[in-house]
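Asker: Model the structure of this input:
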Amino acid sequence: MLTERQGLILSGIIKDYTQLGTPVGSKALANQLPFHVSSATIRNEMAVLEANGLIEKTHLSSGRVPSINGYRYYVDHLNLSKVNTMDDLAVIHKALDMNYHKIDELVQHSANILSDLTNYTALTLQPEQATSRRLKGFRLVALGDQNVMAILVTDNGDTETAQFKIPTGVTGDQLESVVNLINDQLVGQPLSVVLKELKSKIPKEISKYLRSPDSFIDTLDQVLTRATRDRLYIGGEMNLLSFTDQSNISYLKPLYSMLNQSGEISKYLGHSDHGISVQIGSEMSNKLLRNYSVITGTYDVGQYGKGMIAVLGPTRMPYSKVITLVSAFREEIAKRLLGYYKENK
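Answerer: A predicted model of the protein is given here:
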């Protein structure tokens, strides 16, 4: 545990390095600390911080930069009550104060707003799909040449489609019977239940109308899987370029690729019983993220599941401000979603 003075010196180093991106020396710290001490005393305290692995010396100058452990200590001991972001919180309320026709619109808009407020990349994940969404309707549309489009609609208005080819000889009446079967037995059920039924009794029921139901079952499984997958929305992807070494941006290509695979990037969005999770650099088991931090807020919409909102930025981000914004955002988006569900129940 650091002394109060050591803690303030560490905070000063982190704040300076966050703003300027250059190693911090004792003279610069002496001018900003809330108490008067000599540069020599500060250097002695910096030596203690360095011995504890909280700051590091670089080859560029005699100054120091925070280590991953230093950032972790700083984050774990933040006093967020001192962070004043009232203007940003007002922007959040105003920006989200509009009518949304679909949940997707609200979640995507939230990513864009948070990205604008932080100037980093923001990611938002909808509440769990399989438990919160229900089947509203299913239909088949003939496209000609034995091609048929399957259309699945969920209770929040989302639509998933897929095409498949039916065997020669299958009639419109047979297809209509299959559609009626699905709607009669499964409309109103959670998608998780629909998926379960699809793998148990539904194939046997469909075989009463279709001699070879495999292609139909595969197609229905396909649209259901898409409807229940994690839906990740990204705001400010290009912001990654703002804090990247412009002379070496080749590593951004695989990073962008990972960002656009929701199942992959979701592995690194942290979870916390307290709602906020902070992962810094090498704490994440992916070398693509070694120079980044991810601050994640989990939001709870009761019976409709839990979602996440996160900020991806450099390890030298202003943690106090970003954590406060993510915390406020997760509360506001939960409130908005609960209101949406109530109005559209």
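
Asker: domain assignment for the protein?
Answerer: 4-76, 82-126+231-343, 131-228 (automatic domain parsing).

Asker: Now tabulate those in JSON lines and tack on mean pLDDT.
Answerer: JSON lines is the format used below for the domains of the chain (pLDDT from 0 to 100):
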{"stretch": "domain 4-76", "mean pLDDT": "89"}
{"stretch": "domain 82-126+231-343", "mean pLDDT": "83"}
{"stretch": "domain 131-228", "mean pLDDT": "84"}
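
Asker: and the ones you listed as a markdown table, adding mean neighbour count?
Answerer: In short, each C-beta sits where N, CA and C put it, glycine included. A markdown table is the format used below for those (neighbours: other CB atoms under 10 Å):
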| stretch | mean neighbour count |
| --- | --- |
| domain 4-76 | 16 |
| domain 82-126+231-343 | 18 |
| domain 131-228 | 16 |
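
Asker: Let me know the secondary structure of residue 258.
Answerer: Classification of residue 258 by DSSP: H, G, I helix; E, B strand; the rest coil places it in helix.

Asker: is residue 55 in a bridge, and if so with what?
Answerer: Listed beta-bridge partners, residue 55: residue 66 (assigned using DSSP bridges).

Asker: Tell me who's in contact with it.
Answerer: 10, 13, 46, 49, 64, 65, 66, 67, 70 (CB atoms under 8 Å, 6 or more residues apart in numbering).

Asker: Residue 88 sits in which helix or strand?
Answerer: Using DSSP states H and E, the element containing residue 88 is helix 86-96.

Asker: coming back round to it: nearest to residue 100 among the contacts of residue 55?
Answerer: Closest approach to residue 100 among those (CB to CB): residue 66, at 39.9 Å.

Asker: so where's the longest helix in this structure?
Answerer: helix 319-343 (DSSP state H).

Asker: pretty sure residue 180 is in a helix, no?
Answerer: Yes: under three-state DSSP, residue 180 sits within a helix.

Asker: how close does it sit to residue 266?
Answerer: Using CB to CB, to the nearest Å, residue 180 is found at 37 Å from residue 266.

Asker: do the same with residue 96
Answerer: In terms of CB to CB, residue 96 sits 23 Å off from residue 266.

Asker: cool, and residue 59?
Answerer: According to CB to CB, residue 59 and residue 266 sit 37 Å apart.

Asker: ok, now residue 102?
Answerer: On the measure of CB to CB, residue 102 and residue 266 end up 21 Å apart.

Asker: go on, residue 75?
Answerer: 22 Å.

Asker: backbone phi and psi for residue 189, please?
Answerer: phi -90, psi 150 (degrees, to the nearest 10).

Asker: I'd assumed residue 135 was in contact with it.
Answerer: Yes: applying CB atoms under 8 Å, one finds residue 189 in contact with residue 135, separated by 5.7 Å.

Asker: still on that earlier bit, ok, and what's touching whichever helix or strand comes after the helix holding residue 88?
Answerer: Downstream of helix 86-96, the next assigned helix or strand under DSSP H and E is helix 103-118. For helix 103-118, contacts defined as CB under 8 Å, 6+ apart pick out 88, 91-92, 95-96, 100, 121-126, 156, 158, 231, 233-236, 239, 307, 309, 311, 313, 317, 321-322, 325-326, 329, 333, 336-337, 340.

Asker: The longest helix of the chain: how far from the chain's middle?
Answerer: Relative to the mean C-alpha coordinate of its chain, helix 319-343 is positioned 13 Å out (CA atoms, centre = their mean, to the nearest Å).

Asker: For the closest residue to residue 297 other than its chain neighbours, list the residues it contacts.
Answerer: In space, and not counting its chain neighbours, residue 297 is closest to residue 330: 3.4 Å by CB to CB, 6 or more residues apart in numbering. For residue 330, the contact set (CB under 8 Å, 6+ apart) comprises 275, 276, 297, 298, 299, 309.

Asker: 7 Å - rerun?
Answerer: By CB atoms under 7 Å, 6 or more residues apart in numbering, the contact set of residue 330 is 275, 297, 298, 299, 309.

Asker: Which residue ranges of the chain form helices?
Answerer: For the chain, the helices defined by DSSP H cover 4-20, 26-30, 39-51, 68-76, 86-96, 103-118, 129-132, 172-186, 191-198, 202-206, 214-228, 252-259, 262-265, 319-343.

Asker: hey, what's the closest residue to residue 183 other than its chain neighbours bridged with?
Answerer: Leaving aside its chain neighbours, residue 183 sits nearest to residue 138 (5.7 Å; criterion: CB to CB, 6+ apart). Beta bridges link residue 138 to residue 152, judged by DSSP bridges.

Asker: Against residue 146, how distant is the residue of the chain positioned farthest from its centre?
Answerer: Relative to the centre of the chain, the most outlying C-alpha is that of residue 169, 47.4 Å out, by CA atoms, centre = their mean. Per CB to CB, residue 169 is found 10 Å from residue 146.
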